[in-house]
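In: prediction below, plus the sequence it came from.
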Amino acid sequence: MSAADLTRATAADLAHRLSTGEVSSVEVTQAHLDRIAAVDGDVHAFLHVSEHALDTARQVDADRAAGLALPELAGVPIAIKDVLCTLDMPSTSGSKILEGWVPPYDATVVARLRAARMVPLGKTNMDEFAMGSSTEHSAYGPTKNPWDLERIPGGSGGGSAAAVAAFEAPVALGSDTGGSIRQPGAVTGTVGVKPTYGGVSRYGAIALASSLDQVGPVSRTVLDAALVHDVIGGHDPRDATSIPDQWPSMAEAARRGLTGDALKGLRVGVVRELEGDGFQSGVKQRYHETLDLLAGAGAEIVEVSCPHFEYAVAAYYLILPAEASSNLAKFDSVRFGLRANVTGTVEDVMGATREAGFGPEVKRRIILGTYALSAGYYDAYYGSAQKVRTLIQQDFDAAFEQADILVSPSAPTTAFKFGEKLADPLAMYLNDVTTIPANLAGVPGMGLPMGLAPEDGLPTGLQLMAPARHDARLYEVGAAIEQLLEGQWGQPLWSQAPALATALGSNGGAR
Amino acid sequence: MSEITPERVAHLAMLARIALTDDEIQKLTGELGAIVDSVAKVQQVATPDVVATSHPIPLTGGMRPDVVGETLTTEQALAGAPDHDGSRFRVTAILGEEQ
């Protein structure tokens, strides 16, 4: 088995080969570390590569050799978005204000990965505090899209999506506040899921907007995302917003989708407001071809209207900055992170620290949020935005009366070039027009590859949305659609990505 | 048009404890004006009869039994601090000269 095969294998396949003893976790982990060494100089998906990965892998191999019963994903490597606290690696959330900070605790999702005996490979790049759609707002420089290094990998979780697309990791964790898992998935040809709000613990996820943030899986296949979801999901007493329900197995749902006839008779709701102006022609073309394919497979395509989605971006850019301005108040130069070297009172030091430690987008949103929450403006802005949230939930409720699942493109365009939208914050904000409604309503959403746009040869993404608590439906239907599309293409979309140049002295992991 | 002026941005920056430069205040005044004008469209549909939603999935309770759980040690809590004396965070003066 060559190392290149190991880096292109799915997590499900690796788990199987590890369980039969065909490969060891050390071999699998080493192949990915070598791949990172070979391509990450160009891609810059990682902010930190773990020095403990091989030790962790070695321990899994030893326990397997000793005959211990191990969880399904034991020994499979995983990349972790830098928004998540990790005991043994710095956790910066892409910000200078947390440069080098090593948390005194693990996020619950990270603790669960470790308990499942997965192998953390490192921390992935992101827009600072998850504010952005391109990773251009990372304090540590942007991640490049593996399909075209001159283009953005999406954001905020561009690092996790690029790591998976560039075969540096089979799976990764992301976080999605307004599309930060699904939009990077769309532009890198990968899969990503934003679970139902409260379905996955937020404990130890450095908060952006607490009523919108959700942690979720990033992968190359729907089944792999489901396997990771099963590891990280479920009730956590340390998160007061965690849903106490029992959840069905997402992996079982995905496997059902691959073997059954999930699409037959399925009512697929096409959201009228999530296409049209501002959507690239190749995105629309692939979207309508996919809808035709679904109809051919027995799905019933129904058009649904969600008239208040038009107000979603506006509501989001009031609620998010308001919550962020409060959440980011903790970066006060006292308990952790940066302290500016100035004289004066503690408030002078605090102001100088936040001036030096926050990037322009973070400052923009904190000031906007402070404005939205100020006396005299609260009702007009924040209060109105919360009402829009109710209207959007009602739109979803009505749409799910008519359809089992809702669909839209996951992003309006393919990957754009660096710098293209950096000077115009409003243009950047519109990248998430398709993904924001799910966060506002708390419903789960999945992004999966939908083919390459004919005009530029770059990936497009399909978004699926299900009612709250029905994440398993996404996996069942998503796996069936993925299988249907790959049947058309003759191969997975990610296998068509151009080869990346590998660094001198490294050959992509063959050792 | 919005009411975003340089004076207002400077005041908001003071409230948010960010020592913005004059150049940043000028730039943000224009940007925030455009953003606020755009997001103000929420007012078109936020009529008095619509209730506000603060939390997407309604939950009640969320309280755990009142027992001592795992906590950080003093050493762990201070480990990431810019300055400390071994048992407390150390900061500069709380009050300025004029106070």
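Out: Perfect, I can see it now. Numbering: from 1, shown residues only, chains lettered A, B, ... in the order given.

In: which ones are touching the residue in chain B that chain A sits nearest to?
Out: Residue nearest to chain A within chain B (CB to the nearest CB): B:Pro56, separated by 2.7 Å. Placement of C-beta: from N, CA and C, glycine included. Residues in contact with B:Pro56, defined by CB atoms under 8 Å, 6 or more residues apart in numbering or on different chains, are A:Tyr197, A:Gly198, A:Ser211, A:Leu212, A:Arg389, A:Gln393, A:Asn439, A:Leu440, A:Ala441, A:Gly442, A:Ala468.

In: which one of these is nearest to chain B?
Out: Looking across the contacts of B:Pro56 and measuring by CB to the nearest CB, the closest to chain B is A:Gly442, at 2.7 Å.

In: and A:Asp148, its phi and psi?
Out: phi -160, psi 110 (degrees, to the nearest 10).

In: the closest residue to A:His137 other than its chain neighbours and chain B: what is the separation?
Out: Once flanking residues are discounted, A:His137 sits nearest to A:Asp127: 4.0 Å by CB to CB, 6 or more residues apart in numbering or on different chains. Note on A:Asp127: its distance to chain B, by CB to the nearest CB, to the nearest Å, is 17 Å.

In: any idea of the pLDDT on A:Asp127?
Out: Reported pLDDT at A:Asp127 in the predicted model: 98.

In: I'd say it and A:Glu361 touch.
Out: Yes: using CB atoms under 8 Å, A:Asp127 makes contact with A:Glu361 at a distance of 7.2 Å.

In: which residue lies nearest the spatial centre of chain A?
Out: When CA atoms, centre = their mean is applied to chain A, the residue found nearest the centroid is A:Ile181 (2.2 Å).

In: residues in contact with that one?
Out: Counted by CB under 8 Å, 6+ apart, A:Ile181 has contacts A:Gly157, A:Ser160, A:Ala161, A:Gly174, A:Ser175, A:Gly192, A:Val193, A:Lys194, A:Gly216, A:Val218, A:Gly447.

In: again, only using 6 Å
Out: A:Ile181 sits next to A:Gly157, A:Gly174, A:Gly192, A:Lys194, A:Gly216 when contact means CB atoms under 6 Å, 6 or more residues apart in numbering or on different chains.

In: who does A:Met465 form a beta bridge with?
Out: A:Leu406, A:Gly445 (DSSP bridges).

In: right, and it touches A:Leu440 too?
Out: No: shown here, A:Met465 and A:Leu440 do not form a contact pair, counting by CB atoms under 6 Å, at 11.8 Å.

In: returning to that earlier point: let me know the secondary structure of the residue of chain B closest to chain A.
Out: Under DSSP: H, G, I helix; E, B strand; the rest coil, the three-state class of B:Pro56 is coil.

In: then the one 5 residues further on?
Out: Three-state assignment for B:Gly61 (three-state DSSP): coil.

In: and it, how close does it get to B:Val68?
Out: Plainly put, B:Gly61 is 20 Å away from B:Val68 if you go by CB to CB, to the nearest Å.

In: where does the spatially closest residue to A:Pro467 that is not a sequence neighbour land in three-state SS?
Out: In this structure, A:Pro467 finds its nearest non-sequential neighbour in A:Phe400, 4.9 Å apart by CB to CB, 6+ apart. The three-state assignment at A:Phe400 reads helix, by three-state DSSP.

In: low-confidence stretches in the chain?
Out: Reading this off chain A. Residue ranges of chain A with pLDDT under 70: A:1, A:504-511.

In: correction: the question concerned chain B.
Out: Counting by pLDDT under 70, the ranges of chain B that qualify are B:1-2, B:98-99.

In: which residues of it fall in helices?
Out: Using DSSP state H, the helices of chain B run over B:6-15, B:22-39, B:74-78.

In: export those helices to JSON lines and tack on mean neighbour count and distance to A:Val49?
Out: As requested, the helices of chain B are exported to JSON lines (neighbours: other CB atoms under 10 Å in any protein chain shown; distance: least, CB to CB, whole Å):
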{"stretch": "helix B:6-15", "mean neighbour count": "17", "distance to A:Val49": "37"}
{"stretch": "helix B:22-39", "mean neighbour count": "17", "distance to A:Val49": "34"}
{"stretch": "helix B:74-78", "mean neighbour count": "14", "distance to A:Val49": "25"}
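
In: which stretches of the stretch 401-511 of chain A form helices?
Out: Taking DSSP state H, counting those that start in this stretch, the helices of the stretch 401-511 of chain A run over residues A:425-429, A:436-441, A:471-489.

In: can you give me how far the last one is from the chain middle?
Out: A distance of 18 Å separates the centroid of the chain from that of helix A:471-489, by CA atoms, centre = their mean, to the nearest Å.

In: quick one: list the elements packing against it.
Out: Helix A:471-489 sits against helix A:222-232, helix A:250-259, strand A:445-452, with contacts defined as 3 or more CB pairs under 6 Å, 6 or more residues apart in numbering or on different chains; DSSP states H and E.

In: try 10 Å this time
Out: strand A:191-194, helix A:222-232, helix A:250-259, helix A:281-296, strand A:405-409, strand A:445-452, strand A:459-465 (3 or more CB pairs under 10 Å, 6 or more residues apart in numbering or on different chains; DSSP states H and E).

In: return the most buried member of those.
Out: For these, the largest average neighbour count (mean count of other CB atoms under 10 Å in any protein chain shown) is found in strand A:191-194, namely a mean of 33.

In: starting from that strand, tell me which strands it pairs with and how they run.
Out: strand A:214-219 (antiparallel), strand A:445-452 (antiparallel).

In: next one: that strand to chain centre, how far?
Out: Worked out by CA atoms, centre = their mean, strand A:191-194 lies 6 Å from the chain centre.

In: pull the CA atoms of that strand into PDB?
Out: C-alpha atoms of strand A:191-194 as PDB (Å, rounded to 0.1, in the frame of the first residue of the first chain):
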ATOM      1  CA  VAL A 191     -18.500  17.800   2.300                       C
ATOM      2  CA  GLY A 192     -19.400  19.700   5.500                       C
ATOM      3  CA  VAL A 193     -22.300  19.700   7.900                       C
ATOM      4  CA  LYS A 194     -23.700  22.300  10.300                       C
END
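
In: ok, A:Ala427 - contacts?
Out: Neighbouring residues of A:Ala427 by CB atoms under 10 Å, 6 or more residues apart in numbering or on different chains: A:Ser133, A:Gly278, A:Phe416, A:Glu420, A:Lys421.
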